[in-house]
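1. Here's a sequence, model it:
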Amino acid sequence: MKKVAVLFVVLCLLFVCPVDAERDMVKPGKGISAVSIGDKQEDVKKKLGDYEKDSKPNWWIYRKKLGIDVLFGGRHADEVIEVRFNEKYRNKLDTGIGIGSKMKDVFKKYGDPLLKVRYTEQGAMVNDRHLYHVVKEKADTWKICYNKKGVLFWFDKRQRVKQFVVYKTAVREPAFETMKCPCCGKQIVILFGKPRGYVEE
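-> The predicted structure is shown next:
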C-alpha cells in the first residue's frame, strides 16, 4: 500500500505539476528549470503553457500565472535571450536576492557600481556596473547591470528590487564618454554622440 501511495505522489509531481516556476531557484546567466537562456519557443510553450493576451511574437508574458516574462531573439528569433522576473515572482536568485531586496544588499552580493549616472534622456543603459538613475518623464527608478554574471536589476523609488532579469553573460556594451560641462561643471555622459545625463557623486 505504501508503494502505491509513493507512486501516486511521484506521478502527481510529474504530470499534474510538471513545472513549479514560483519555487525554482534562479541562476544568473541561465534562468530556471522551467525556462532557460537558449531554450526554443516550442520548449517554453510545452513547459509553461499558453502565454497571456498582451504578449508579442518575441515577448511572451506569464505575469498573472508565474510573474515572469520571456524575451526571444537569436538567429531565428526563437531562442530565449532574457527571462524577466516581476513583482509577483516569489522565489529568489541563488544569492538570496529577490523582489523587494534592498539596493545596498544587491551591491553586497554583486559589487558596488563603478559609475553612477543620472539619466535625463532616453538611451541604452547596459554598461557593466553602471548605476542608472532614471528621472525622465516623472520616473524615479534605478537600474544596474552585472554583465559578467548575466543579471540586471530595476529598483523602485524606495531603492528596492522591483524586477530582475537574467540573460547571456556575453553582452556588447556601447561606447560612452564623459565631458565637463562648461556651464555647470558637471560630467556629462555622451552616448552615441548625444548627451544622456550626467555623473552623480
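
2. And the helices in this protein?
-> Taking DSSP state H as the test, the helices found in the chain are 2-11, 41-48, 103-110.

3. Check which residues of the last one are buried.
-> The reference is to helix 103-110. For helix 103-110, burial by neighbour count (16 or more other C-beta atoms under 10 Å) applies to 103, 106, 110. Yep, even glycine has a C-beta here, placed from its N, CA and C like the rest.

4. The first one touches Lys162, doesn't it?
-> The one in question is Met103. No: counting by C-beta atoms under 8 Å, Lys162 is not a contact partner of Met103; they are 10.9 Å apart.

5. Common neighbours of those two, please.
-> Phe155 (C-beta atoms under 8 Å, 6 or more residues apart in numbering).

6. where's Leu152 relative to Arg75, distance?
-> Leu152 sits 23 Å away from Arg75, taking C-beta to C-beta, to the nearest Å as the criterion.

7. Looking at those two now, which is surrounded by more residues?
-> Leu152 (23 against 6; other C-beta atoms under 10 Å).

8. ok, the residue lying closest to the more buried one once chain neighbours are set aside - how many residues close by?
-> If the residues on either side of it in the chain are set aside, Leu152 comes closest to Cys145, at 4.2 Å by C-beta to C-beta, 6 or more residues apart in numbering. For Cys145, the neighbour count with other C-beta under 10 Å is 23.
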